[in-house]
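> Dropping the sequence and predicted coords here.
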Amino acid sequence: MGDRRRAVPGTDRVLADPGVAAAVERLGHQLVARTVREVAQRARDGLLEPESVVAETLAALPRSASGMRPVINATGVLLHTNLGRAPLSRAAREALQVAAGTTDVELDLDTGDRGRRGASAVEALLDAVPGAEDAHLVNNGAAALALAATALAADREIVLARGEMVEIGDGFRIPELLTSTGARLREVGTTNRVRLDDYRQALGADTGFALKIHPSNFVISGFTAEVGLAELRELDVPVVADIGSGLLRPDPALPGEPDAATALADGADLVIASGDKLLGGPQCGLLLGRADVVRRLRRHPLARALRVDKLTLAALEATVRGPRPPVTEALHRSDLAERAAALADSLAAAGVPAEAVDSGASVGGGGAPGVVLSSVAVALPARFAKQLRLGEPPVMARLERNRCLLDLFALDPDDDEVLRRAVLAAH
């Protein structure tokens, strides 16, 4: 045991190895040194040979200083919350690189004076949605709703249809968020039916605004009735519409999904949406609408606590101004059958039991609830699901009818080869 312990290289010696030294430059001294000590202790305990310490250290080190790992989304869920929802476009990723350094985020270079934070991102939104007089950004959709409730209805009432008092992911309930701001809720209608007169009868001196919420992840069907924004505009109070998934304009691929331009045209004074869903950008909350309403929100003290950073501003502007983001591309692809067939044939030729099958994808993230999108997947034996999830890179598939389905709906064509190699490695 003594000889073995003396043969184990010291921490400084391992850190001097060129490969380990390069890892220090990439990952930082503390993380690498800790890994070296852990591997060296395994060698002292007789669990590996002393001469293997350098190689084992390099193998144990993560690829980056962040704990996040890239994952291949083969679930058929376009906006998978557990996978970070919308993947950013190349333009947005390049914008993040620029924003990571010193930027003019709050500087007017012409005058040298302080400038309006995120002015160009707001301009991009207003160019994309001309019906909005002004826009403001906060750090997510829930924050946008909280800011609206606080600024417009603290100690007052928000009139809301009972069927729109929803709970979304992770036990998050819209009514609890609204009441936490100091607003009071005035429920109208029943779970399945509400009429304009229900809203009219609920209005009073304490009414802050009428709120219409996209139902997100559920659908009520059958004997139903709801009041649209075009009717709500007849009410003598501000109308706020939380459209959820963030379409700025109508998309023919999702004809039933609300969008900001239409909501404003129908009479909403303020539209709330998420940036990391169907818009295809970074996580943020969008507030678009009447100039006086948006100005009131921007000037509220809570707005400071909810403001977005320069990375979000840069990525959002590039998403709005740049080429179609991956989410939009996925909704309009027509090559899924050919890609799935090619992938299945290649895997079968390598001895993997694979076949292309029709599949049903979904938007996810609360978008287009109940809508099944036509897709194609590669079917493998069920045992592949775990092996792929634990592989490098990890692949998230979908288990269905005792099969592992690799749905291509959310997958960029450039990742088909990465997916093929991952399957072969798991075989």
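Looks like it arrived, so ask away. Residues are numbered from 1 along each chain as shown.

> any chance you could map the strands in the stretch 51-200 of the chain?
Here the stretch 51-200 of the chain has its strands, by DSSP state E, counting those that start in this stretch, at 72-73, 134-138, 157-161, 184-188.

> quick one: strands adjacent to the first one?
Strand 72-73 has the following sheet partners, assigned by DSSP bridges: strand 395-396 (parallel).

> quick one: average pLDDT of whatever helix or strand comes next after the partner strand?
Moving toward the C-terminus from strand 395-396, the next helix or strand (DSSP states H and E) is strand 398-400. Mean pLDDT, strand 398-400: 96.

> buried set for strand 398-400?
398, 400 (16 or more other CB atoms under 10 Å). (C-beta placed from N, C-alpha, C; glycine too.)

> same deal with stretch 246-263?
Those would be 246-248, 253-254, 257-263, for stretch 246-263 by 16+ other CB under 10 Å.

> thinking again about what came up before, among the strands of the stretch 51-200 of the chain, which is nearest E226?
strand 157-161 (6.8 Å; CB to CB).

> how far off strand 184-188 does the closest one point, in degrees?
30 degrees (axes from the mean of the first three to the mean of the last three CA atoms, to 10 degrees).

> and of the strands of the stretch 51-200 of the chain, who's closest to D108?
Proximity to D108, assessed across these by CB to CB, is greatest for strand 134-138 (18.9 Å).

> List the contacts of that closest one.
By CB atoms under 8 Å, 6 or more residues apart in numbering, the list of residues contacting strand 134-138 from outside reads 118, 121-122, 125-126, 129, 144, 147, 275, 284-291, 294-295, 297-298, 303, 306-308, 312-313, 316.

> Show only the entries of those residues found in helices.
Mapping the contacts of strand 134-138 onto helices (DSSP state H) picks out 121-122, 125-126, 144, 147, 291, 294-295, 297-298, 303, 312-313, 316.

> Please check those residues and keep the buried ones.
Buried among these (16+ other CB under 10 Å): 121-122, 125-126, 144, 147, 294, 297-298, 303, 312-313, 316.

> Next, format these as TSV and append distance to S334.
Formatted as TSV, those follow (distance: CB to CB, whole Å):
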residue	distance to S334
A121	32
V122	35
L125	30
L126	33
A144	35
L147	40
V294	39
L297	41
R298	42
A303	43
T312	32
L313	34
L316	28
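
> longest strand anywhere in the chain?
Across the chain, the longest stretch assigned as strand under DSSP state E is strand 373-381.

> Now that strand: buried residues?
Quick answer for strand 373-381 (16+ other CB under 10 Å): 373, 375-380.

> who touches that strand?
So strand 373-381 is contacted by 74, 76, 78, 253, 331, 336-337, 339-340, 343-344, 347, 352-363, 397-398, 403-409, 423 (CB under 8 Å, 6+ apart).

> Give me the ChimeraX select line for the residues you listed, limited to the buried ones.
Under the burial definition 16+ other CB under 10 Å, those of the contacts of strand 373-381 that qualify are selected in ChimeraX by:
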select :74,76,78,253,331,336,339,340,343,344,347,352,354,356,357,359,361,362,363,397,398,403,404,405,406,407,408,409,423
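
> which ones among the contacts of strand 373-381 are found in helices?
Reading helices off the contacts of strand 373-381 with DSSP H, I get 331, 336-337, 339-340, 343-344, 347, 423.

> from these, which is closest to R42?
Checking the ones in helices among the contacts of strand 373-381 one by one against R42 (CB to CB), the nearest turns out to be V423, at 32.1 Å.

> how about A303, what does it touch?
136, 138, 147, 151, 297.

> Give me the distance between the second one and R298.
What that stands for is V138. 10 Å (CB to CB, to the nearest Å).

> wait, isn't A74 in contact with L408?
Yes - applying CB atoms under 8 Å, one finds A74 in contact with L408, separated by 7.1 Å.
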